[in-house]
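Colleague: One predicted model, sequence on top.
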Amino acid sequence: MESEKSDFIVIAEFEVSAAHRAEFLTLCEFDSKQSVSNEPGCQKFDLLTSDEAPESVVLFEVYDDRGAFDFHLTTPHYATFAEGVQRLGVTKKNVRFFGRRHV
């Protein structure tokens, strides 16, 4: 029996202060664009915000598989993002992993 294809989905939720929001969003946009452009295994990388909760930022990322995500964590653009999270005092609220099944 053939196994079904499953994309690897990451939903990362952050909380950022109003003072650092604009810079953090710029970091997120940079990481997103670099990931989609330079990582063959990154299918999608969306930056989500809400007017109702401006301190909340959600990253919705779709990779071919776990290996593609693990590769993402080794890239220079991710290192820039991770350094910015630390420097700006951004709180990582939750990171969840999902599989999207295609039959």
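Modeller: Perfect, I can see it now.

Colleague: Tell me, please, the helix or strand in this structure that averages the lowest pLDDT.
Modeller: Least confident element among the helices and strands of the chain, by mean pLDDT, DSSP states H and E: strand 91-102 (a mean of 90).

Colleague: So which elements touch that strand?
Modeller: strand 5-15 (3 or more CB pairs under 8 Å, 6 or more residues apart in numbering; DSSP states H and E). Backbone N, C-alpha and C define where each C-beta goes, glycine included.

Colleague: Mind listing what's buried along the strand it packs on?
Modeller: Buried residues in strand 5-15, defined by neighbour count with 16 or more other CB atoms under 10 Å: 7-10, 12, 14.

Colleague: can you list those in CSV and add pLDDT and distance to residue 85?
Modeller: As requested, the buried residues of strand 5-15 are exported to CSV (pLDDT from 0 to 100; distance: CB to CB, whole Å):
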residue, pLDDT, distance to residue 85
7, 93, 25
8, 97, 21
9, 97, 20
10, 98, 15
12, 98, 10
14, 98, 7
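
Colleague: now these as a markdown table including distance to residue 98?
Modeller: Listed next are those as a markdown table, based on distance: CB to CB, whole Å:
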| residue | distance to residue 98 |
| --- | --- |
| 7 | 9 |
| 8 | 8 |
| 9 | 4 |
| 10 | 8 |
| 12 | 12 |
| 14 | 18 |
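
Colleague: Can you tell me what sits against the least confident helix or strand of the chain?
Modeller: 4-16, 56, 62, 85 (CB atoms under 8 Å, 6 or more residues apart in numbering).

Colleague: Which one of the residues you listed is nearest to residue 27?
Modeller: Residue 27 lies nearest to residue 85 out of the contacts of strand 91-102, by CB to CB, at 7.7 Å.

Colleague: so how many other residues sit close to that closest one?
Modeller: The number of residues packed near residue 85 is 16, by other CB atoms under 10 Å.

Colleague: Could you do residue 70 as well?
Modeller: 12.

Colleague: Need the mean per-residue confidence for the host helix or strand of it.
Modeller: Per DSSP states H and E: residue 70 is located in helix 66-72. Helix 66-72 comes out with an average pLDDT of 97.
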